[in-house]
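> model the following, please.
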Amino acid sequence: MRWGYSLGYWSAQPPTHALETVLAAESLGADSVWTSEAYGSDALTPLAWYGSRTSRVRLGTAIAQLSARTPTAAAMAALTLDHLSGGRFVLGLGASGPQVVEGWYGQPYPRPLARTREYVAVVRQVLAREAPVTADGEFYRLPLPSDEGAGLGKALRSTVHPLRADLPIHLAAEGPRNIALAAEIADGWLPMFYSPRMDDAYRALLGEGFAARTDGRDPADFEVVAPVPVVLADSVEAAADQVRPFVALYAGGMGAKGANFHRNVLDRLGWAEVCDEIQAHYLAGDKARAVAAVPTELVLDVGLVGTPDDVRAQLTAWRGTAITTLLVQADPRTLPAVAGLLAGA
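The predicted model follows:
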């Protein structure tokens, strides 16, 4: 199991020492570094900056939102970054949620799976560069039909030859059908709140997707890149305290009531009643009580927390999962110690 480092997205301003963290991660043996986007910083620009200063570490988006770019624009960015980085880019895509898609991008959210399937198919056409790109789907039509525009559109092929026609595409997926879709059409899966307790169920869903593949790609090459909070402290409780606000935000403050896909993952882990309480406090504006309602056992389900000896013991369950890259979410100052633990030191 490899490890990578998650830089996430910016908060109110650019994070300090981010480049130094990326360089440290590369020197410590990280396989990859990943950036995110919500409705502030984008996921692609920082990777170009970090890629210019690194030589080995892979550069991934976790995630680039579908609604932020047309599929051809996403493919253009991917092939550009892949050339600039010498073949180190990984295009992680995700549908996001209705609040962001409809509130920030002004686009309809329904049928995200069908939209994702069409989107990936167009990106793969661009990267293959075998013919001018065409699409006649429900969501993406290339060229635009003549009766809907100026009537002058024509099918085009990228002027730039992609460095890799098989540039890896990963999908962020949380629901069962979306997880199976990732295994069917993508090269990797970016889960949220992965728990070793759900490993058998996840393997079964991935197996459904692999069985539906029609392009000949080998399932043995499929990646599972799982973001995992890793916190080192004097005790499990002290470390869990640093993760509780993150869990409370995603379980109670993300999405809308009844349409929070992050919370649904925790529901399937058996934490539905706890999430009801977290969400009720969060929506009432009492974030402190929402955070306090996150049990340590829930944190232990989805994170690695405690002293180095605690984390070393917890890692045993994670090493046997379908995860191929454990994507560390951690204080940069603890990276050397975390890297040592992940290497088996």
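
> where does pLDDT dip in this structure?
255-256, 258, 345 (pLDDT under 70).

> longest helix of it?
Identified as the longest helix of the chain according to DSSP state H is helix 112-128.

> could you dump it to CSV, C-alpha only?
Extracted in CSV, the C-alpha atoms of helix 112-128 (Å, rounded to 0.1, in the frame of the first residue of the first chain):
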residue,chain,number,x,y,z
PRO,A,112,-25.1,12.6,-11.9
LEU,A,113,-24.2,9.0,-12.8
ALA,A,114,-25.4,9.3,-16.4
ARG,A,115,-23.7,12.6,-16.6
THR,A,116,-20.4,11.2,-15.3
ARG,A,117,-20.5,8.3,-17.8
GLU,A,118,-20.9,10.7,-20.7
TYR,A,119,-18.3,13.1,-19.4
VAL,A,120,-15.6,10.4,-19.0
ALA,A,121,-16.3,9.0,-22.5
VAL,A,122,-15.7,12.5,-24.0
VAL,A,123,-12.4,12.9,-22.0
ARG,A,124,-11.2,9.5,-23.2
GLN,A,125,-12.0,10.5,-26.8
VAL,A,126,-9.8,13.6,-26.5
LEU,A,127,-7.0,11.7,-24.9
ALA,A,128,-7.1,8.9,-27.5
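
> need the helices for this protein, in chain order.
Going by DSSP H, the chain shows helices at 18-27, 44-51, 71-84, 98-103, 112-128, 176-185, 199-211, 236-248, 261-266, 272-283, 287-292, 296-302, 308-319, 335-342.

> out of those, flag the one nearest residue 12.
helix 18-27 (14.3 Å; CB to CB). Bear in mind the C-beta positions are built from the backbone N, C-alpha and C, glycine included.

> how about that closest one: buried residues?
18, 21, 22, 23, 24, 25, 26 (16 or more other CB atoms under 10 Å).

> tell me how far residue 133 lies from residue 127.
10 Å (CB to CB, to the nearest Å).

> okay, the angle between the longest helix of the chain and helix 71-84?
50 degrees (axes from the mean of the first three to the mean of the last three CA atoms, to 10 degrees).

> what's helix 112-128 in contact with?
With contact meaning CB atoms under 8 Å, 6 or more residues apart in numbering, helix 112-128 is reached by 66, 71-72, 74-76, 78-79, 91, 93, 95, 131, 133-135, 137-140, 142, 158, 162, 164-167, 169, 171, 177-178, 181, 185-186.
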